[in-house]
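>>> Give me a 3D structure for the following:
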Amino acid sequence: MTREHHLREARQSFLDTLVRKGIRDQRVLEAMKAVPREAFVGPDQAEFAYDDCPLQIEEGQTISQPYIVALMTEAMQLTPEDTVLEIGTGSGYAAAVLSRIVKKVYTVERHRLLANLAEERLAMLGYNNVTVLCGDGSLGWPEHSPFEAIVVTAGAPSVPQSLVRQLAIGGRLVIPAGANHYQQQLLRLTRTGEDETETENLGDVRFVPLIGKQGWRDTEDRASVSPGKETSQPRPLSEQIAKEAITIPSIATVDLESLMTRIGNSRLVLLGEASHGSAEFYDMRARITRELIEKKGFQFVAVEADWPDAAQVDHYVRETRTEPTEEPTFKRFPTWMWANRQVLEFVQWLRSHNRKVASEEKAVGFYGLDLYSLYSSINAIIGYLEQVDRETADIARKRYGCLTPWESDPATYARMALSPKHESCERDVVSMLNTLMQKRLEYSEHDGRKFLDAVSNARLVKDAERYYRSMYEGSVSSWNLRDQHMFDTLLHLLDFHGPDSKAIVWAHNSHLGNAEATEMGSRGEINVGSLCRRHFGDSAYLVGFGTHQGTVAAASDWGAPMEIKKIVPSLPGSIERLCHDTGLKAFFLPLRHGSKYLVEQLRKPRLERAIGVIYRPETERASHYFNASVSQQFDEYIWIDETRAVDALESEAEPGLPETFPFGL
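Prediction:
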């Protein structure tokens, strides 16, 4: 595929995304289609130009997410005869989009380099109705006022009155504003009279600070501090954290007795991670998990992995099946998330532990909570029914038949599911689950654990079908469906193991910290942590992790190869930087049992980093930071200042190495 063809396809997909997310103004869509976004980013980022995410540009700034550009442009309610003022030229991309819709665009940029580059790009591309000024954007450009519309692409502490006065009567000002440097409300202010305005809140957004006389002071611009630049003295709050922190000399030797005391009689212990690819997070979770199993009698571990994959590990640790699997376990991207040396060592320990227990019922299980294994689960259900009820197996094949054409690309089903032809799929997968539940007594007589496996796979298929459909709708519902499924699976496992059962959960911080204490909650998102908090209260103990720098195993895009990437030092103003400024290498920070003063100080929303299976250091602040109140999000926070990438297992193992069995390698 040629570069031009790739960009053409990516541009069309990007336009479809804008429509799906609610952009309706055809003039805005036509302008977004006409302006080549790849011309406003560096050559190394051109292939990502039509991804719906911010991208890094010069001077440590970003080119805004395309959807946000479209949303703010549409919000201005423009006409072809309007004159528009833009504050925050950046790369010049948004000004170019505006120039295709209105008569004249004036744009102000405070960075001289960005202003010069934007001016050159716009002239070279023929956008001759745009004029660029290097200056204080918070003061506007009064010489060319009044403007029919003004748009501000940086977050202001409040609405600058200088900009309001430069609006024509009836003019619209679209601006992100709020007291937090990195989280604002997107406002549309309409000037209805000489001294009258009307304001509408269009939702939560996150922009770099607006620096200027009527914005943030330059000394307050935390984003202007170069990544990695250290402060000369710890801040007072860092000193307080250091005072209350419990030092971890090493993961292998640390005494966990005080942590066990703080966990107390909790029924659930949720162990997070700040990335899916840092060895120390896995090692510490394994160390804590071993202690919980040996000293507090926890019955199973549930992880952010697909049910069929984890089931193979469960067979291995409980020794219920000794022959190797036909298909590799954890073969779906990202393989390194679970097929790594750190997990393998824990699995080996769990198998050894289970050999010492008094009975099979006392063996500790290992289960998956996630729902991406749609087709593996279908095969597992049919395989189970072949053993216990061949007639129902035939029914299952027919009912799941509508899903099989999309096995190679399940996400494609999302688009097809909206057509009448595929309306019956949802009914069929629900019917299959109902059939299994109706026969649960008959089937469970054969083997209760095998029935648990079958019905869990059936629930997964039902929820995965809904999940893939919701992905196409582009709302928060897909995230909520996934975490609701993981929580429901956890409840079924607790029910299966009995009323006194206790569980340990391994997943990312973003799934296990209480979403209600983060900006996720303000968007209507739930997660396993918030559901556990609502359902179990203080009987759920939520543990988060963090790091400042090091290396991480991650990909640059979904489905791309794993790389060992260098972690950018944490941003000033983040919870991570506060912990780094303590000067301590590793520690536990009790929050539920911490001092009232510290808990109150950490209640304030701050930036928190989340690295998933994809890591893009070039757009780190926009791509990997969100706002959270850490003392409300977690009961305990574990800090490891410098971490290293997990040791991913090779796809081929040497012959005769049975220890690799659980991963089918």
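>>> Span of stretch 266-283 from start to end?
Distance between the two ends of stretch 266-283: 22 Å, counting by CA to CA, to the nearest Å.
>>> Report the mean confidence score over that stretch.
Stretch 266-283 shows a mean pLDDT of 97.
>>> Check stretch 310-330 too.
So the average pLDDT for stretch 310-330 ends up being 75.
>>> before we move on, what about stretch 546-554?
Per-residue pLDDT over stretch 546-554 has a mean of 96.
>>> One more: stretch 68-77?
95.
>>> Could you list the domains of the chain?
With domains defined by automatic domain parsing, the chain comprises 3-224, 231-277+509-645, 371-492.
>>> gap between the first one and the chain center?
Going by CA atoms, centre = their mean, to the nearest Å, the spacing between the C-alpha centre of domain 3-224 and its chain's C-alpha centre is 25 Å.
>>> now do the second one
Relative to the mean C-alpha coordinate of its chain, domain 231-277+509-645 is positioned 14 Å out (CA atoms, centre = their mean).
>>> Pull up the distance across stretch 56-66, start to finish.
Taking CA to CA, stretch 56-66 runs 13 Å from one end to the other.
>>> Can you mark which positions in that stretch are buried?
Going by neighbour count (16 or more other CB atoms under 10 Å), the buried part of stretch 56-66 is 56-57, 61-66. (C-beta placed from N, C-alpha, C; glycine too.)
>>> Check stretch 285-298 too.
285-293, 298.
>>> try stretch 341-353
For stretch 341-353, the neighbour count (16+ other CB under 10 Å) marks 342-344, 346-347, 350-351 as buried.
>>> mind listing the strands for the stretch 101-250 of the chain?
Along the stretch 101-250 of the chain, counting by DSSP state E, counting those that start in this stretch, strands occupy 104-109, 130-134, 147-152, 167-180, 183-191, 197-205, 246-247.
>>> Now render these as a markdown table, adding mean neighbour count, distance to Pro36 and mean pLDDT.
Below are the strands of the stretch 101-250 of the chain laid out as a markdown table (neighbours: other CB atoms under 10 Å; distance: least, CB to CB, whole Å; pLDDT from 0 to 100):
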| stretch | mean neighbour count | distance to Pro36 | mean pLDDT |
| --- | --- | --- | --- |
| strand 104-109 | 25 | 17 | 97 |
| strand 130-134 | 19 | 15 | 96 |
| strand 147-152 | 26 | 21 | 97 |
| strand 167-180 | 19 | 24 | 92 |
| strand 183-191 | 19 | 26 | 90 |
| strand 197-205 | 13 | 25 | 89 |
| strand 246-247 | 14 | 54 | 92 |
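>>> before we move on, back to that, hey, least reliable of the domains of the chain by pLDDT?
If you rank the domains of the chain by mean pLDDT, domain 371-492 sits at the bottom with a mean of 58.
>>> residue ranges of the strands in the stretch 501-650 of the chain, please?
Under DSSP E, counting those that start in this stretch, the stretch 501-650 of the chain gives strands at 503-506, 540-546, 549-554, 563-567, 586-590, 606-609, 625-628, 636-640, 642-643.
>>> Including mean neighbour count, could these go into CSV?
CSV is the format used below for these (neighbours: other CB atoms under 10 Å):
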stretch, mean neighbour count
strand 503-506, 25
strand 540-546, 26
strand 549-554, 22
strand 563-567, 17
strand 586-590, 21
strand 606-609, 24
strand 625-628, 21
strand 636-640, 26
strand 642-643, 20
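>>> what's stretch 114-121 in contact with?
Defining contact as CB atoms under 8 Å, 6 or more residues apart in numbering, one finds that stretch 114-121 is touched by 39-40, 57-59, 61, 89-92, 95, 107, 109, 132-134.
>>> between the residues you listed, which is closest to Ser162?
Leu133 (14.5 Å; CB to CB).
>>> wait, that closest one sits on Tyr106?
Yes: assessed by CB atoms under 8 Å, Leu133 is found in contact with Tyr106 at 7.1 Å.
>>> overlap in contacts of these two?
Trp141.
>>> where's the closest residue to Glu109 other than its chain neighbours, which helix or strand?
Leaving aside its sequence neighbours, Glu109 sits nearest to Thr89 (CB to CB, 6 or more residues apart in numbering; 3.6 Å). Assigned by DSSP states H and E, Thr89 belongs to neither a helix nor a strand.
>>> Thr89 reaches Tyr106, doesn't it?
No: look at Thr89 against Tyr106 with CB under 8 Å: they stay out of range, at 9.9 Å.
>>> From Val84, how far out is the residue lying closest to Thr190 once chain neighbours are set aside?
Residue nearest to Thr190 in three dimensions, not counting chain neighbours: Glu198, with 4.9 Å by CB to CB, 6+ apart. With distances taken as CB to CB, to the nearest Å, Glu198 is found 19 Å from Val84.
>>> Likewise for Asp635?
Using CB to CB, one gets 49 Å for the distance from Asp635 to Val84.
>>> before we move on, what about Leu494?
Relative to Val84, Leu494 is positioned 57 Å away (CB to CB).
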